[in-house]
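1. Generate coordinates for the sequence data below:
(2 chains)
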Amino acid sequence: MKDIFWEFQVTKRLGAKIDKQRRELRHDRPKTRERIAPSKQHRMRDAEREEETERRMDLIFGESHFNFIKMHLLSYFCDHIRQFGNIPMYSTEFGELAHKTQIKAGWRQSNKKDASRQIVQSYSRQHGIRMRLLNLESLRHCGADLSPDVVKQLDTTSTTTAPDIRRRMLKRRRNDVSNMADFSRVLGFSIQIVCHGLIRYSRHNLPPERRLPEDPEILKSLPVELLTQLEIPVLAFQETEIYDIHRAR
Amino acid sequence: MYGAPRGRLPAKLVALFKIRHYRCQDRVRRLAGIQFVSSVNSGQISDVHSLVPVQMKLDAREFTVVDIGTILSLAHLIPEGDRHWIVNGRIDLRTFNEVY
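-> Next comes the predicted model:
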């Protein structure tokens, strides 16, 4: 809102200045126009017009701040991604961050003699250690037998984030679905495809005592509610406590 | 798994539903019917745009049931030809929604 107001003010001031300049130009015109030949008058008028345009351009570029980014540039993101690759590749942020974390830290750790080589070596060493830790962590996930020291070290340097415990919310129930037959009819799938999907899910994801019945007739009789919106809490970018709600429909 | 997406894969949401299993303590399962897309080139990042391309195969299973807890977030797919997309993991969805 503030930016819009600022733009408005700039335009208003600019208009006032242009009017003032125009008035000055009118007063400066020679009063002896009648004595000048018509062709010369025409040339003079052209020259005046050019001069006025130049003054306008000087005012526009000299007084106002029109070099701000336009909102419509954002609409070209898709084309840019296709053409040049992902946007952060062109970000200078990485370079600045790299200067801080890689070069400055490396410089401090070096003995200041042939420092560039030491900076590169220090960073590649850190990178190698990080890769090894990730490899060990994935081995632990696969159930590899690691020594207790390694496991302890992995616990302290673990990079995996804790699973999100926030619940997803299902909303907007449809009233025209009460059982599996209605459900398959609304979706436009055959009841066999739906039952097959459910049985497959039940076999692969549920413990034996909690599995859904595999008899299609019983499965068809189970009460079903169809909903149209799922709210998924997702951590906001670079935040640890603020969640965005993604609404899947 | 799936290459660069590291175990995550986009899918088309077909249906959201609850099913009540009255034979098992009246337990309610919150489920989603989805249609998976498959990763192209073993999920390797493309050299052209540095993003992961995915495709919907013609013989893809029409209706796969998953728990709603396995749905992580919405994904932004950019169409790239017929039944092919690239997964944009670069602009966060909030910015995208604010712009468009």
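2. ok, now which ones touch residue 40?
-> Let's take chain A. Under the criterion of C-beta atoms under 8 Å, 6 or more residues apart in numbering or on different chains, A:K40 has no contact partners. Every C-beta, even on glycine, is put in place using the N, C-alpha and C of the backbone.
3. not what I meant, chain B
-> B:V40 sits next to B:V52, B:P53, B:V54, B:Q55, B:H84 when contact means C-beta under 8 Å, 6+ apart.
4. make it 6 Å
-> B:P53, B:Q55 (C-beta atoms under 6 Å, 6 or more residues apart in numbering or on different chains).
5. So which bits of chain A are right by chain B?
-> Taking C-beta under 6 Å from any C-beta of the partner chain as the contact definition, chain A meets chain B at A:74, A:78, A:81, A:85-88, A:168, A:170, A:187, A:189, A:193, A:197-198, A:201, A:210, A:212, A:222-227, A:230, A:232, A:234, A:237, A:244, A:246, A:248.
6. From chain A, how far out is the residue nearest to B:M56 when sequence neighbours are not counted?
-> Leaving aside its chain neighbours, B:M56 sits nearest to B:R83 (4.4 Å; criterion: C-beta to C-beta, 6 or more residues apart in numbering or on different chains). Using C-beta to the nearest C-beta, to the nearest Å, we find B:R83 at a distance of 17 Å from chain A.
7. Now for B:R83, how many residues are close by?
-> Residues contacting B:R83 under the criterion other C-beta atoms under 10 Å in any protein chain shown number 13.
8. Equivalent analysis for A:H204, please.
-> As a burial measure, A:H204 scores 9 neighbours (other C-beta under 10 Å).
9. do you know how far the residue nearest to B:M56 is from B:V54?
-> Counting by C-beta to C-beta, to the nearest Å, the separation of B:R83 from B:V54 is 9 Å.
10. care to break chain A down by domain?
-> Chain A breaks down into these domains under automatic domain parsing: A:2-28+A:37-63, A:90-157, A:169-248.
11. What's opposite A:K171 in the beta bridge?
-> A:Q229 (DSSP bridges).
12. State the number of residues packed around B:T70.
-> B:T70: 13 neighbours (other C-beta under 10 Å).
13. Quick one: residues contacting it.
-> Here B:T70 is in contact with no residue (C-beta under 6 Å, 6+ apart).
14. hang on, the earlier thing: select only the buried ones of the residues of chain A next to chain B in ChimeraX?
-> Here is the ChimeraX command that selects the buried residues among the residues of chain A next to chain B (16 or more other C-beta atoms under 10 Å in any protein chain shown):
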select /A:78,81,85,86,168,170,187,189,197,198,201,212,222,224,225,226,227,230,232,234,244,246,248
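15. In helices only, show me the residues of chain A next to chain B.
-> A:C78, A:I81, A:L187, A:I193, A:G197, A:L198, A:Y201 (DSSP state H).
16. got any ranges where the chain has weak pLDDT?
-> Since you didn't name a chain, this refers to chain A. For chain A, residues meeting the criterion pLDDT under 70 lie at A:1-14, A:25-35, A:59-70, A:88-89, A:93-94, A:158-166, A:237-239.
17. wrong one, I was asking about chain B
-> Checking chain B against pLDDT under 70 turns up B:1-2, B:23-24, B:91-94, B:97-98, B:100.
18. Chain B against chain A: which residues are in contact?
-> Residues of chain B lying close to chain A (C-beta under 6 Å from any C-beta) are B:13, B:15-21, B:24, B:30, B:49-51, B:62-65, B:68, B:73-74, B:78, B:90, B:92, B:94, B:99.
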